[in-house]
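Visitor: coordinates only, no sequence provided:
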């Protein structure tokens with residue numbers, strides 16, 4: 001028996017957290033488990049890091065190009081974090097949503113507020129909390145990516161970042177990575193089934209009624 005096809009509009013799934021809480025690890029786990037969602041690739045003015053790849057991790061651009069994209073309205077959201085600018089190109093996200101494909105975002109609370117203002121109906125937001133402040137600091141140091149002054153700065157900013165948790169649709173405490181990935185997957189699957197995200201339902205039901 002053929003599987004019914006119901007037209008669906010894609011959604012934007014946002015993961016936010018203080019640095020070190022695990023949003024990027026959860027995002028990678030989610031992408032590995034669900035091939036119907038793709039990562040939004042941001043533009044940034046920060047230098048490329050070892051192991052990163054142009055077009056996969058970020059599009060690395062200079063400050064002049066970034067400002068031109070802002071002025072032209074080409075970014076859905078943008079923010080400055082630790083002296084560098086980050087933003088989400090508008091065109092590929094809007095095209096994906098219209099085609100019924102979901103887009104995953106790894107962005108901070110500033111970007112989430114802008115997405116919320118620009119496209120609330122398409123947005124599903126998840127804030128990731130660490131189990132303890134001590135564990136957050138341990139994770140930051142364990143990844144050995146930042147010098148000591150940056151680690152201290154990230155920890156100092158964590159309290160302010162944590163204060164934005166009530167602005168999100170869902171909150172996940174990341175004690176165990178695999179469990180956190182499963183929780184976010186459950187959120188994604190439920191949100192896909194919302195009536196308002198399935199514009200093809202009316203036609204489908206009408207055909208059922210017609211026999």
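Guide: Happy to help now that I have it. None of the values given here were measured: they were computed from a predicted structure.

Visitor: determine how far whichever strand or helix holds residue 127 lies from the middle of the whole chain.
Guide: Using DSSP states H and E, residue 127 sits within strand 123-129. Computed by CA atoms, centre = their mean, to the nearest Å, the separation of strand 123-129 from the middle of its chain amounts to 8 Å.

Visitor: following it, which helix or strand comes up?
Guide: Moving toward the C-terminus from strand 123-129, the next helix or strand (DSSP H and E) is helix 133-142.

Visitor: and the very next helix or strand once past that next one, what does it pack onto?
Guide: Using DSSP H and E, the helix or strand that follows helix 133-142 in sequence is helix 148-162. Packed against helix 148-162, as judged by 3 or more CB pairs under 8 Å, 6 or more residues apart in numbering; DSSP states H and E, are the following elements: helix 133-142. The C-beta positions use only the backbone N, C-alpha and C, and glycine is treated the same way.

Visitor: which other residues reach the helix it packs on?
Guide: Helix 133-142 is contacted from outside by 18-22, 130, 146, 151, 154-155, 158, using CB atoms under 8 Å, 6 or more residues apart in numbering.

Visitor: if we use 10 Å, what do you get?
Guide: With contacts defined as CB atoms under 10 Å, 6 or more residues apart in numbering, helix 133-142 is touched by 17-22, 25, 129-130, 132, 146, 148, 150-152, 154-155, 158-159, 162, 174-175.

Visitor: from those, keep the buried residues only.
Guide: Burial by neighbour count, judged by 16 or more other CB atoms under 10 Å, picks out 17-22, 25, 129-130, 146, 151, 154-155, 158, 162, 174 from those.

Visitor: okay, who's weakest in those by pLDDT?
Guide: For the buried ones among the contacts of helix 133-142, the minimum pLDDT belongs to residue 146; the value there is 69.

Visitor: so who does the residue most central in space within the chain touch?
Guide: Nearest to the geometric centre of the chain sits residue 105, at 1.9 Å (CA atoms, centre = their mean). By CB under 10 Å, 6+ apart, the contact list for residue 105 reads 12-16, 23, 27, 39-40, 42, 76-77, 88, 93, 111-112, 115, 123-125.

Visitor: same thing but at 7 Å, please
Guide: Residues near residue 105 by CB atoms under 7 Å, 6 or more residues apart in numbering: 12-15, 40, 88.
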